[in-house]
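**Student:** Fold the following.
(one chain, ligands or ions: 2)
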Amino acid sequence: MDNLTLSFLHTVLNEVQSKHDWKASLDALFTSLRGSFVYDNVAIFLEDSRTKSMDIAYARAMGRGKTAEADAAWGELVATEVLAKKKLVLKEPKSKGRDRMAQPYLLGMPLNIGSKFRGALVFIRFGGPEYSDLHIQIASLQAFWSAALIERRDLLEARAELDSVQRQMRLQDDFVSTISHELRTPLGFIKGYSTSLLRQDTTWDEATQREFLNIIDEEADRLTRLIEDMLESARLQSKTLQFKFSPVRIDALVRDVATRVNTHHPELKIEFNLETLPPVLGDGVRLSQVFENLFSNAIKYAPGSKLQITTKSLGKRVLLSFADEGEGIPEDFLPFLFERFYRVPGERTVTGTGLGLYICKQIVMAHHGKIWVESVLDEGTTFFIELPADPTL
Ligand code: ATP
Ligand code: MG
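**Tutor:** Residues are numbered from 1 along each chain as shown. Ligands and ions are numbered 1, 2, ... in the order given. Okay, here's the model as predicted:
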């Protein structure tokens, strides 16, 4: 091989490698070699491992033939033959009439991907010339590189899938440990205080008995809430949760929820900045749940801060925001906040399962709305919800 050929091959390979998309790499490959190897159409057929049928994975019309994929059926027979024989197939036209398009010269090369014959690379020349030995050698090189590019595509796809499965598994793992902790803590209290109350050898005065019973009562509520959240998130994920839509006044609803939250958490200072809004077509119970989750997060993650609730009418939509002045959330974690089981990593004294915001998002999406977050470290976090106004009013 002379120097010129070597440097040409080097350029081709470089160009092919530099493309990120495998089809773009194939385009680069077939275009760069067209100077030394002329053809009208090229197509790659890959065998579907399940159905065993030959599918067109790539097709390109270069010259005088017609356009790409729809017309690649011309190569299917040759491709099937290549795969059956596991070797090169050459086909020349039987008759040599005047109509060039009726005289296909076909060349099919096997594609050996991941050490298995998995498909064929097929070239067509209308009206010849026939393929010389040199042409066949160049075509073999192209088949070799095409196979390498397809293998790279398969590997990249497999890696992406693996990454996502691994991520999900990590979240599940964390979830199992969080959930067992979260279930055990209230159970531990309930068991501990009821055992104490039942002890034969001790008598408790009435005030102590009430105190213990109150703890048992509260912890049982906590367990119930946790189990409901888990079931709810499972139903939301499988889309089996039923919504009951009716016109809802969001400003009134948010005030009701705030009043309820304040009876249990009088320490949370809530400031309202409410504009009267057009009604929303929504499920009041589910929307209350969204607000409760945002209140609960403010109490847990921005203790001592006030919470400012603003509503705004934007014509056909309404906008709500819940702004606290807590520590805020580092920017890197913001994209994951609404994922199932996600909790911001770091030292943790506050309990939770990472289901709250996931549930919020699913509910808001079922209302054709949007929920998002903005946060500045040491300044605070704001959650926004946008919902469409009731279109029937
Ligand atoms: P759960 O709501 O299921 O009890 P959780 O509160 O941990 O558990 P989410 O409500 O989904 O789960 O919140 C996810 C994470 O987002 C929290 O763990 C917390 O780190 C962070 N976060 C949520 N709200 C705030 C906020 N107002 N300020 C700072 N961080 C927040
Ligand atoms: Mg929460």
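
**Student:** Spit out the contact partners of G328.
**Tutor:** Shown in contact with G328 (CB atoms under 8 Å, 6 or more residues apart in numbering): 375-381. No exception for glycine: its C-beta is placed from N, CA and C like everyone else's.

**Student:** Sitting in strands, which of those do you find?
**Tutor:** Within those, residues falling in strands by DSSP state E are 375-376, 380-381.

**Student:** Narrow those to those that are buried.
**Tutor:** Neighbour counting over the ones in strands among the contacts of G328 (16 or more other CB atoms under 10 Å) leaves 375, 380-381 as the buried ones.

**Student:** Going by distance to G114, which of the residues you listed wins?
**Tutor:** Ranked by distance to G114 (CB to CB), these are led by S375 at 45.8 Å.

**Student:** Could you dump the contacts of G328 into TSV and include distance to ligand 2 and pLDDT?
**Tutor:** Output for the contacts of G328, formatted as TSV (distance: CB to the ion, whole Å; pLDDT from 0 to 100):
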residue	distance to ligand 2	pLDDT
S375	15	97
V376	20	97
L377	19	95
D378	21	95
E379	20	96
G380	16	97
T381	12	98
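
**Student:** would you turn the residues you listed into JSON lines with distance to F245?
**Tutor:** Below are these laid out as JSON lines (distance: CB to CB, whole Å):
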{"residue": "S375", "distance to F245": "31"}
{"residue": "V376", "distance to F245": "36"}
{"residue": "L377", "distance to F245": "39"}
{"residue": "D378", "distance to F245": "40"}
{"residue": "E379", "distance to F245": "37"}
{"residue": "G380", "distance to F245": "33"}
{"residue": "T381", "distance to F245": "30"}
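
**Student:** Could you list which of these also contact ligand 1?
**Tutor:** Counting by CB under 6 Å from any ligand atom, T381 from those sit close to ligand 1.

**Student:** close to ligand 2, is the longest helix that the chain contains?
**Tutor:** Longest helix of the chain, by residue count under DSSP state H: helix 133-198. No - taking CB under 5 Å from the ion as the criterion, helix 133-198 and ligand 2 are apart, separated by no less than 11.9 Å.

**Student:** So which bits of the next helix or strand along the chain from that helix are buried?
**Tutor:** Going down the chain from helix 133-198, the next helix or strand is helix 206-237, by DSSP states H and E. Of the residues in helix 206-237, 212, 215-216, 219, 222-223, 226, 229-230, 232-233, 236 count as buried by neighbour count, 16+ other CB under 10 Å.

**Student:** Which residue would be the closest one in the stretch 1-150 of the chain to ligand 2?
**Tutor:** H20 (38.8 Å; CB to the ion).

**Student:** neighbours around that residue, how many?
**Tutor:** Other residues within reach of H20, judged by other CB atoms under 10 Å, total 8.

**Student:** next one: A147
**Tutor:** 21.

**Student:** next one: T259
**Tutor:** Neighbour count of T259, defined by other CB under 10 Å: 10.

**Student:** Distance check, the residue in the stretch 101-250 of the chain positioned nearest to ligand 1 against I190.
**Tutor:** In the stretch 101-250 of the chain, no residue comes nearer to ligand 1 than D229, which is 5.7 Å away by CB to the nearest ligand atom. Distance from D229 to I190, counting by CB to CB, to the nearest Å: 18 Å.

**Student:** do G380 as well
**Tutor:** 36 Å.

**Student:** And R100, by the same measure?
**Tutor:** Counting by CB to CB, the gap from R100 to I190 is 87 Å.

**Student:** Same question for T80.
**Tutor:** T80 is 69 Å from I190, by CB to CB.

**Student:** wait, which of the contacts of G328 is closest to ligand 1?
**Tutor:** Using CB to the nearest ligand atom, T381 comes nearest to ligand 1 of these, at 4.1 Å.

**Student:** List the beta-bridge partners for the closest residue to G75 other than its chain neighbours.
**Tutor:** Leaving out its chain neighbours, the residue that sits closest to G75 by CB to CB, 6 or more residues apart in numbering is V122, at 3.6 Å. On the basis of DSSP bridges, V122 takes part in beta bridges with A43, G108.

**Student:** For V122, the count of nearby residues, please.
**Tutor:** 30.

**Student:** For A102, see how far away it is.
**Tutor:** For V122, the distance to A102 - CB to CB - is 18 Å.

**Student:** quick one: the closest residue to ligand 2 within the chain from L337, how far?
**Tutor:** The chain approaches ligand 2 most closely through G356 (2.8 Å), counting by CB to the ion. Applying CB to CB, the value for G356 to L337 is 10 Å.

**Student:** tell me the domain boundaries of this structure?
**Tutor:** Domain ranges of the chain: 3-153, 162-237, 246-388, per automatic domain parsing.

**Student:** what separates the longest one from the chain centre, distance-wise?
**Tutor:** Centroid separation between domain 3-153 and its chain, computed with CA atoms, centre = their mean, to the nearest Å, is 35 Å.

**Student:** now for it, what's the gap between its first and last residues?
**Tutor:** Terminal residues of domain 3-153 lie 31 Å apart, using CA to CA, to the nearest Å.
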